[in-house]
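K.L.:
Fold the following, please.
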Amino acid sequence: MTGFLRIVAYAVFAYLIYLLYRFFKTVSQGSKRPPKIKTQSGIMVKDETCNTYLPKEDALRVSYQGRDYFFCSEECKQKFLDSKKPH
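P.N.:
Residues are numbered from 1 along each chain as shown. Presented below is the predicted three-dimensional model:
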């Protein structure tokens, strides 16, 4: 019978150590900031140069003569700006 009680005592001791491990792991993770989640608005905008649509959050924006224009890349943005320059 003493052998059985010894096994039960070891099991209880191991369980307490496991609980302490989980507690300290949770405490250490609680001090970290959760990662920021980039949310998508669901709004799609049209690139005026290559006529593609892309999420507004990913687009490059240029204000020209009081209107906002959106572009998928620096190249498309530059083509647009070059086309608007007086020759």
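K.L.:
okay, CA-based contacts and neighbour counts for the rest of this
P.N.:
Noted.
K.L.:
where along the protein do the strands fall?
P.N.:
Under the criterion DSSP state E, the chain contains strands at 44-46, 53-55, 60-64, 67-71.
K.L.:
so can I have TSV of these showing distance to K84, mean pLDDT and mean neighbour count?
P.N.:
Formatted as TSV, the strands of the chain follow (distance: least, CA to CA, whole Å; pLDDT from 0 to 100; neighbours: other CA atoms under 10 Å):
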stretch	distance to K84	mean pLDDT	mean neighbour count
strand 44-46	18	94	17
strand 53-55	21	93	16
strand 60-64	9	92	13
strand 67-71	12	94	17
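K.L.:
Could you dump the ones you listed into JSON lines and include distance to S83?
P.N.:
Formatted as JSON lines, those follow (distance: least, CA to CA, whole Å):
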{"stretch": "strand 44-46", "distance to S83": "17"}
{"stretch": "strand 53-55", "distance to S83": "20"}
{"stretch": "strand 60-64", "distance to S83": "12"}
{"stretch": "strand 67-71", "distance to S83": "13"}
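K.L.:
roughly how far is stretch 41-49 from the heart of the chain?
P.N.:
Distance of stretch 41-49 from the chain centroid (CA atoms, centre = their mean, to the nearest Å) equals 20 Å.
K.L.:
Name the residues that touch stretch 56-64?
P.N.:
If you take CA atoms under 8 Å, 6 or more residues apart in numbering as the criterion, stretch 56-64 is touched by 40-45, 68-74, 77.
K.L.:
The same query, at a cut-off of 6 Å, please.
P.N.:
Applying CA atoms under 6 Å, 6 or more residues apart in numbering, the contact partners of stretch 56-64 are I43, M44, V45, D68, Y69, F70, F71, C72.
K.L.:
Please put the alpha-carbon coordinates of it into PDB.
P.N.:
Coordinates of each C-alpha in stretch 56-64 appear next as PDB, following Å, rounded to 0.1, in the frame of the first residue of the first chain:
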ATOM      1  CA  LYS A  56      -7.100  50.700 -50.900                       C
ATOM      2  CA  GLU A  57      -4.800  49.900 -48.000                       C
ATOM      3  CA  ASP A  58      -2.100  48.500 -50.300                       C
ATOM      4  CA  ALA A  59      -2.300  51.300 -52.900                       C
ATOM      5  CA  LEU A  60       0.000  54.200 -53.400                       C
ATOM      6  CA  ARG A  61      -2.000  57.400 -53.200                       C
ATOM      7  CA  VAL A  62      -1.400  60.700 -55.100                       C
ATOM      8  CA  SER A  63      -3.500  63.800 -54.800                       C
ATOM      9  CA  TYR A  64      -3.700  65.700 -58.100                       C
END
